[in-house]
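S.K.: show me how the following folds:
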Amino acid sequence: MVITDDREIDRAPLQREAETELDEDDRLKPAFVRDVIDLAEAGEVEAARERVGRLHPADIADLFELVSDEDRPLLAHVLGDMLSPDVLAEMNEHVRERLIDLLAPEQVAEIASELDTDDAVAIIEDMEEDEQQAVLQAMEPEDRAAIEDALSYPEETAGRLMQREYVAVPEHVTVGDVIDRLREDIDLATDFWEIFIVDPMHRPVGTCQLSWILRAPRSVAISDAMKREQTLIPVDMDQEEVALRFQKYALISAAVVDKAGRLVGMITVDDVVHIIQEEAGEDILRLSGAGDGDINEPIAMTIRTRLSWLVVNLGTAMLAASVVGFFEGAIAKFALLAVLMPIVSGMGGNAGTQTLAVTVRAIATNQLTASNTLRMIFREFRIATVNGLSLGVLIGTGTSLIFGNPLLGAVIASAMLINNLVAGLAGILVPVTLDRFDVDPAVSSAVFVTTLTDIMGFFSFLGLAVLSGLTAMG
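M.R.: Numbering: from 1, shown residues only. Model (predicted):
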């Protein structure tokens, strides 16, 4: 059965108009962005508001991210109350911080009060201490207490992420009692998919989806309709582990409990989607040393983050160059070594990066644990052996034919095999070791792996050239 709503039909033309502002990938068209800014600069406020008013809050947030820093204050002034809490909740954090700086503490407090706790915390947590306190003082006592409680938990934990607004009922009530409460209590959470059933100590003993409640007879006890098996999230659990639990158990929402097992909040899947996206992008960017990698991040912050890692890489490059210096005499006697040695180190670096990326992802998703680490090491060893032999045969044969020197071909083939083995083992051993010492493998692994493959690439190739007597032929 399909239930229609006249209000949805009335909104259809408006939705179609909004769709004309978006391209086939649901991105705002450049012409639309320019038109809005042109109207704002020309003082045609109503025309600008009319055009933007057709957009979804997430698209309005995108609009602020697409315009320049200089145009954002003007756009915020023109839109006024259209810069709603829902828009700020969807906005990039760097852009949001700049806009928040333009607002008075009372305005920020009013916006935060209209949001779910998790979204309000996301707005307030990055503010300077004095600004944060000013906003909290301007809030209603109940809202302020909820925000302060959330801020008391470490960043990127379930306590920061959870919503304090949830629906919980005692286990002795009936389905009819629950339905009546859902209809009559105006202070209930606005968005939820299931209710939590709690014991007298406010500890969750089960959950019940709204669809079950709607289809069950009113006289049925809620304890008979509920599902007792549930996934509970400790309040201090890292958000990445929270996301993994949602993914593993296909959760829509989950109860968050304190150390005593009492229900203190809930996490919903829409929050977890943001976590998955954030954590996946964060790991990739950390591997490259690019920091947050956000195009809206202040330039000074981006330069500082990237430059620090480039300085570290400069040091490791100098270390690898010192290995080459040991064989300066050999290179002088046989100049072809200088031409070919970057191939060995470069291919080793590529192989190490492949293994490293797979390993870091496996660690992040709990696919690689203490129980299967040894098996994975042997797996990567076999892969590295086959790849090293294959590349060695190719480069060795090519070198022999091009330069007419079979010994040179054998040397570079052997070095290629050795360096691929080192790359494969380093690509898994380095991140696993760092993880065992509670060091984020996504941050530091790339430096170690690249350094090892460069050093071993130069050392194996030049060392074998000397040992084989190849340099004496020069």
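S.K.: what is the burial count for P30?
M.R.: Neighbours of P30 under the rule other Cβ atoms under 10 Å: 10. Yep, even glycine has a C-beta here, placed from its N, CA and C like the rest.
S.K.: same question, the one 3 residues further on
M.R.: V33 sits with 16 neighbouring residues when counted by other Cβ under 10 Å.
S.K.: can I get the CA coordinates of the host helix or strand of it in CSV?
M.R.: V33 is part of helix 30-41, with elements assigned from DSSP states H and E. Output in CSV follows, covering the C-alpha atoms of helix 30-41 (Å, rounded to 0.1, in the frame of the first residue of the first chain):
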residue,chain,number,x,y,z
PRO,A,30,29.4,27.0,-11.2
ALA,A,31,27.0,29.4,-12.9
PHE,A,32,24.6,29.2,-10.0
VAL,A,33,27.3,29.9,-7.4
ARG,A,34,28.4,33.0,-9.5
ASP,A,35,24.8,34.2,-9.9
VAL,A,36,24.2,34.1,-6.1
ILE,A,37,27.4,36.0,-5.3
ASP,A,38,26.6,38.6,-8.1
LEU,A,39,23.1,39.1,-6.7
ALA,A,40,24.5,39.5,-3.2
GLU,A,41,27.2,42.0,-4.3
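S.K.: which parts of it are buried?
M.R.: For helix 30-41, burial by neighbour count (16 or more other Cβ atoms under 10 Å) applies to F32, V33, V36, I37, L39, A40.
S.K.: what's the following helix or strand past it in contact with?
M.R.: Per DSSP H and E, the first helix or strand lying C-terminal to helix 30-41 is helix 45-52. Helix 45-52 is touched from outside by E21, F32, D35, V36, L39, A40, I60, L63, V78, L79, G80, M82, with contacts defined as Cβ atoms under 8 Å, 6 or more residues apart in numbering.
S.K.: dump the buried residues of helix 30-41 to a markdown table, plus distance to T397.
M.R.: A markdown table is the format used below for these (distance: Cβ to Cβ, whole Å):
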| residue | distance to T397 |
| --- | --- |
| F32 | 58 |
| V33 | 56 |
| V36 | 62 |
| I37 | 61 |
| L39 | 67 |
| A40 | 66 |
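S.K.: save the contacts of helix 45-52 as CSV, and put in pLDDT and distance to A321 too.
M.R.: Formatted as CSV, those follow (pLDDT from 0 to 100; distance: Cβ to Cβ, whole Å):
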residue, pLDDT, distance to A321
E21, 81, 54
F32, 92, 52
D35, 93, 55
V36, 93, 53
L39, 93, 58
A40, 92, 55
I60, 92, 52
L63, 93, 49
V78, 90, 56
L79, 90, 55
G80, 85, 59
M82, 88, 58
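S.K.: got these as CSV, with distance to M416 columns?
M.R.: Shown next, in CSV, are the contacts of helix 45-52 (distance: Cβ to Cβ, whole Å):
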residue, distance to M416
E21, 54
F32, 54
D35, 57
V36, 57
L39, 62
A40, 60
I60, 55
L63, 52
V78, 62
L79, 60
G80, 65
M82, 61
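S.K.: between the residues you listed, which is nearest I276?
M.R.: Nearest to I276 out of those is I60 (Cβ to Cβ; 23.9 Å).
S.K.: wait, the closest one sits on L88?
M.R.: No - I60 lies out of contact with L88 (Cβ atoms under 8 Å); the separation is 9.7 Å.
S.K.: the more surrounded of the two?
M.R.: Shown here are I60 and L88; by other Cβ under 10 Å, L88 has more neighbours (26 against 23).
S.K.: quick one, strands of the stretch 201-350 of the chain?
M.R.: Along the stretch 201-350 of the chain, the segments classed as strands by DSSP state E, counting those that start in this stretch run 204-209, 232-234, 253-257, 263-268.
S.K.: now those as a markdown table including distance to E380, mean pLDDT and mean neighbour count?
M.R.: Output for the strands of the stretch 201-350 of the chain, formatted as a markdown table (distance: least, Cβ to Cβ, whole Å; pLDDT from 0 to 100; neighbours: other Cβ atoms under 10 Å):
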| stretch | distance to E380 | mean pLDDT | mean neighbour count |
| --- | --- | --- | --- |
| strand 204-209 | 42 | 95 | 19 |
| strand 232-234 | 34 | 96 | 18 |
| strand 253-257 | 35 | 95 | 24 |
| strand 263-268 | 35 | 94 | 23 |
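S.K.: of the ones you listed, which is nearest L464?
M.R.: Closest among the strands of the stretch 201-350 of the chain, once you apply Cβ to Cβ, is strand 232-234, at 54.3 Å.
S.K.: partner strands of that closest one and their direction?
M.R.: Next to strand 232-234 in the sheet, as set by DSSP bridges, lie strand 253-257 (parallel).
S.K.: now what about the strand it pairs with, what contacts it?
M.R.: 158-159, 162, 166, 192-194, 196, 203-204, 207, 230-235, 242, 245-246, 263-269.
S.K.: one more pass at 6 Å, please.
M.R.: 158, 162, 193-194, 196, 204, 231-233, 235, 263-268 (Cβ atoms under 6 Å, 6 or more residues apart in numbering).
S.K.: just give me how far that strand sits from the chain centre.
M.R.: Taking the mean C-alpha point of strand 253-257 and that of its whole chain, the gap between them comes to 21 Å (Cα atoms, centre = their mean, to the nearest Å).
S.K.: what's the answer for stretch 180-188, then?
M.R.: With Cα atoms, centre = their mean, you get 36 Å for stretch 180-188.
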